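Enquirer: With the input below, show me the fold.
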Amino acid sequence: MLTPTEALSSSYTRQSSGMERCYWTSGVIPDAMASSRRAVLFQPSGADARRGLLLPAQAFWGTDRRPRLVRFQAPPRCHKMYVPGFGEGSPEKKAAISLQNFFNYVAVRIVLAQLESYNREAYVELKEFVSRNSVNDADNFCKNLIRESPRHKALAMRILEVRSAYMKNDFEWDNLKKLSFKMVDEANTKLMRDYVLETSHIEDDDKR
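Expert: Got it, this is the predicted structure:
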């Protein structure tokens, strides 16, 4: 006999086979629904009536025809907004890529500041390399720096070390979330306030 998980998986592969479908809204699948050509669409009643799942009744009874009752809890639906245009990625992945480039920029600035105080030769070399290569693409920047020369390779290793340490230990993630919420709310409020002031001024002029 299949487990409920295996039954659920089996149902998706058999949906297009032309089986007869029955709807059962009481939350209980009776033995009478178990036949070789029939599947049961478990559809809980009440507020969750839309969360029905197609389950083959045979998966629960197999060849045993003794009366049994089977209950299955449908998984919760996702209520987050759908964001199109990201392919197989996500908005979070896009933001992570941007942050990776930002952390690389920060690491380059930190290393330059450190070298300026105790190793002027390395500072000049890294400064000159930065002037020829954009830091906007973090991985491409570091890849080119590693292959520039043995001395530049050591600088690249230092940048990789610094950007990882800064991201994990020094960057204030909680503050980022707080500031993001605050800035978006304040920007929304300002835009709406400016629009109201602008339109109310026009209406006052029209009344005159």
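Enquirer: so what pLDDT did L53 get?
Expert: In this model, L53 is scored at 47, pLDDT.
Enquirer: What of the one 5 residues further on?
Expert: The per-residue pLDDT reported for Q58 equals 52.
Enquirer: in the protein, which spans are helices?
Expert: Listed in chain order, the helices of the chain (DSSP state H) span 4-14, 58-61, 91-118, 120-132, 138-148, 150-165, 173-207.
Enquirer: which of those helices sits most buried?
Expert: A comparison of the helices of the chain by mean neighbour count, using mean count of other Cβ atoms under 10 Å, puts helix 58-61 on top with a mean of 21. In this view, the C-beta of every residue, glycine as well, is placed from N, C-alpha and C.
Enquirer: can you redo the helices of the chain as TSV with distance to P84?
Expert: Below are the helices of the chain laid out as TSV (distance: least, Cβ to Cβ, whole Å):
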stretch	distance to P84
helix 4-14	24
helix 58-61	35
helix 91-118	11
helix 120-132	37
helix 138-148	27
helix 150-165	32
helix 173-207	21
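Enquirer: M81: which of those is closest?
Expert: Closest of those to M81 is helix 91-118, at 9.6 Å (criterion: Cβ to Cβ).
Enquirer: still on that earlier bit, confidence-wise, which of the helices of the chain is weakest overall?
Expert: Of all these, helix 4-14 carries the lowest average pLDDT, namely a mean of 41.
Enquirer: What sits closest to R158 if chain neighbours are left out?
Expert: Leaving aside its sequence neighbours, R158 sits nearest to V111 (Cβ to Cβ, 6 or more residues apart in numbering; 5.5 Å).
Enquirer: Alpha carbons only: can I get stretch 183-196 in CSV?
Expert: Extracted C-alpha coordinates of stretch 183-196, given in CSV (Å, rounded to 0.1, in the frame of the first residue of the first chain):
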residue,chain,number,x,y,z
MET,A,183,12.7,54.6,3.6
VAL,A,184,9.9,53.0,1.5
ASP,A,185,7.2,54.2,3.9
GLU,A,186,8.6,57.7,4.0
ALA,A,187,9.0,57.9,0.3
ASN,A,188,5.4,56.7,-0.2
THR,A,189,4.1,59.2,2.3
LYS,A,190,6.1,62.1,0.7
LEU,A,191,4.9,61.3,-2.8
MET,A,192,1.3,61.2,-1.7
ARG,A,193,1.6,64.3,0.4
ASP,A,194,3.2,66.3,-2.5
TYR,A,195,0.5,65.1,-4.9
VAL,A,196,-2.3,66.1,-2.5
